[in-house]
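Asks: Fold the following, please.
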Amino acid sequence: MKKEHKKCLSDDYVELFPGSGLKLDRSELAAMQTMSSSMTIFARNLFRKFFDPEDVLGHSLLGRKSTSLPNHVPLPSVDSNKRDAVIGKLQIDFLFL
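Replies: Below you'll find the model as predicted:
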């Protein structure tokens, strides 16, 4: 009965990127992919799903030193596990890596 229930309702989760440990409801991921007309919009939606505004405030994506502002102190990077999982998912879906 439970097996049939899982087929009817999408209450199962998929790992966003293998080995990341980040899970997303299968139907939510499918809806996000359908509603995103480009890779950029899909990337934005994934980042908004996994990062709260507080996680991003005062951080940069990679934590690297700016090439345009050589005297600027680099900001710490966002959570690398989440960041790499989102980027990995985008590479699989759009760049076929």
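Asks: least trustworthy helix or strand in this protein by mean pLDDT?
Replies: Ranked by mean pLDDT, DSSP states H and E, the helix or strand of the chain with the weakest confidence is helix 2-8, at a mean of 50.
Asks: Output the contacting helices and strands for the helix or strand following that helix.
Replies: For helix 2-8, the following helix or strand on the C-terminal side (DSSP states H and E) is strand 13-15. For strand 13-15, the elements it packs on are strand 23-25, helix 26-35, judged by 3 or more CB pairs under 8 Å, 6 or more residues apart in numbering; DSSP states H and E. C-betas here are computed from N, CA, C, even on glycine.
Asks: What strands flank strand 13-15, and is each parallel or antiparallel?
Replies: When pairing is defined by DSSP bridges, strand 13-15 lines up against strand 23-25 (antiparallel).
Asks: Flag every buried residue along the strand it pairs with.
Replies: Leu24 (16 or more other CB atoms under 10 Å).
Asks: Now the spatially most central residue of the chain: phi and psi?
Replies: Nearest to the geometric centre of the chain sits Val86, at 3.0 Å (CA atoms, centre = their mean). Val86 has phi and psi values of phi -60, psi -50 when expressed as degrees, to the nearest 10.
Asks: Next one: the closest residue to it other than its chain neighbours, what pLDDT does it get?
Replies: Spatial nearest neighbour of Val86, chain neighbours left out: Leu46 (4.7 Å); criterion: CB to CB, 6 or more residues apart in numbering. If you check Leu46, the pLDDT there is 96.
Asks: The residue nearest to the centre of the chain: what's it in contact with?
Replies: Residues in contact with Val86, defined by CB atoms under 8 Å, 6 or more residues apart in numbering, are Leu16, Phe17, Ala43, Leu46, Phe47, Phe50.
Asks: So which of those residues wins on neighbours?
Replies: Leu46 (23 neighbours; other CB atoms under 10 Å).
Asks: In this structure it contacts Gly88, no?
Replies: No. Look at Leu46 against Gly88 with CB atoms under 8 Å: they stay out of range, at 10.6 Å.
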